[in-house]
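**Q** I need the structure of the sequence given here:
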Amino acid sequence: TWIHGPATAYWQYLASPVAGNNVGDWDTDTRFYMSGVGGNEGNACCPIFRSVRTYNEPTNTYTNITSTGTALTAGRGFMIWMSDNMAGLASPLVYDSRGLPNSGTVNRAVTAGGTGAGYNLVGNPFACPVDYSDVVAASTATLNASFVILTESGSYVTDPNGGVIAGGQGFMCIATGGGNLTFTESCKNTTANPNVIREGNPANTVRIRAGNEVNGLGEETTVRLSPDGDRSYDGAIDLPYLASPYENATHIWTGNEFGNQFLLNDLGASDDHLLIPLSVVTSSPGVQTLTFKGLNTVSEYNCAWIEDLNTGARINLNEVDTYSFEENELGVTRNFILHFERTNDCTFDLQATQASLDAQTNVYVNAGQVYAQFDFGDEEIVQVSMFDLSGRMVMGETTMNVTKQTVALENPGSHGIYLVRIVKGNEVTTKKFYY
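**A** Numbers count the residues shown, from 1 in each chain. A predicted model of the protein is given here:
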């Protein structure tokens, strides 16, 4: 199994594709740094950090795993702190699962109706990919058609890989009626095994990410425009809001006039002017940034703009795909309206928009280390340099070939405010951070 790196340490959903293993089998791999399970690395403090957890739907809580003897039961998902030394991964983590591969029919009981809104942490029990639509059809539990995975930025992403789930991938399924989640041999997908996480770009789907410049952590909410969608909550299609397990991640969700909060909001496109409530909650005071992905996949409307109800600012998303604001208090909710229009006279249609360099890059500090985060679909050549506020260069221009990855930068020699300049072709963006 291949896990993305290098990267700052992050939570990852995993599952075992073989029978007879326990947490200790993962812990024996020297690249897995596990704390609080009674294993090789002992306990990180303070207090004891538990690096392996499961999720309990009835109570909407994560449960700590405290023993390496805990069985890696087929179909059960685990949340693992992915790191070499608590701080980060120095390189991609590739590990083997050794034992008799799971096969045949695998059932995993799931619950609905708890305070966890039907979310169950499960996992692909096979060593090969599965089609989630086939899993839904085979299951006795009543399941939403979508699933979610957790990314290194702390956000949930809906239906990556076009609905194909990689071998060893853990994920959240959403049950509206309890029963068994069922994997069968016919659910297996014979295409090349995808990475454990990879985002897709389906048509008429916009992903809105909220993050902050303090730690780079945030969440993502998705708006999907479809003929059968509407403004009400539909448990078979929409996904209810689920907070990131990172306490200091910026929170985001869309809503409706009925008080529902959405992780995935499936909406109809019959209105010439569609208004979507959007809320952002600050968990790390400082500059918060909204990034809009997939605007050029929207064919139902030709114009989009975001309205900040706090300041009255209106940002034309046909021209820019990010919006930033500063919030210095913890727990403050900022409300917006996302507008889609088909009758307005836009400068150019949404289909002609291209993701900006600003939207595809981020710089933040984690555990005393400065990181640059890139989100390119294809490999790109960038030049990265760092300056203090006086204009003095503190990190010389460095050329990198990057795609979707996080790169550790040279740390400044003293604390203060710094600027990172990123150049890609004719595009330039500057990111400010506090060290």
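**Q** and the helix or strand where Thr399 lies, how far out from the chain's middle?
**A** Taking DSSP states H and E as the criterion, Thr399 maps to strand 393-408. Computed by Cα atoms, centre = their mean, to the nearest Å, the separation of strand 393-408 from the middle of its chain amounts to 22 Å.
**Q** could you list every residue that touches Trp253?
**A** Counting by Cβ atoms under 8 Å, 6 or more residues apart in numbering, Trp253 makes contact with Glu219, Thr221, Tyr241, Gln261, Phe262, Leu263, Leu278, Ser279. In short, each C-beta sits where N, CA and C put it, glycine included.
**Q** redo that, cut-off 10 Å
**A** 208, 210, 219, 221, 240-243, 260-263, 265, 277-281 (Cβ atoms under 10 Å, 6 or more residues apart in numbering).
**Q** does Ala71 really touch Asn22, like I thought?
**A** Yes. The pair Ala71 / Asn22 is scored as a contact, 5.2 Å apart, by Cβ atoms under 10 Å.
**Q** any common contacting residues for those two?
**A** Contacts common to Ala71 and Asn22, judged by Cβ under 10 Å, 6+ apart, are Ser16.
**Q** More neighbours: which of the two?
**A** Asn22 (15 against 12; other Cβ atoms under 10 Å).
**Q** Quickly note the distance from the more buried one to Ser146.
**A** Distance from Asn22 to Ser146, counting by Cβ to Cβ, to the nearest Å: 31 Å.
**Q** Ok, Pro245 next?
**A** Where Ser146 is concerned, Pro245 sits at a distance of 19 Å (Cβ to Cβ).
**Q** Who are the contact partners of the closest residue in space to Lys293 that isn't next to it in sequence?
**A** Closest residue to Lys293 in three dimensions, ignoring its sequence neighbours and counting by Cβ to Cβ, 6 or more residues apart in numbering: Arg207, at 4.4 Å. Contacts for Arg207 (Cβ under 10 Å, 6+ apart) come out as 155, 157-158, 199-201, 220-224, 264, 291-295, 297.
**Q** swap in Met393?
**A** Per Cβ under 10 Å, 6+ apart, neighbours of Met393: Ser385, Met386, Phe387, Arg421.
**Q** Which of those has the largest number of neighbours?
**A** Neighbour counts for these peak at Met386, which has 25 neighbours (criterion: other Cβ under 10 Å).
**Q** Can you verify that one is assigned to a strand?
**A** Yes. The assignment for Met386 is a strand, going by DSSP: H, G, I helix; E, B strand; the rest coil.
**Q** got a list of what it touches?
**A** Met386 touches 363, 370, 372, 392-398, 409-412, 418-421, 431, 433, 435, counting by Cβ under 10 Å, 6+ apart.
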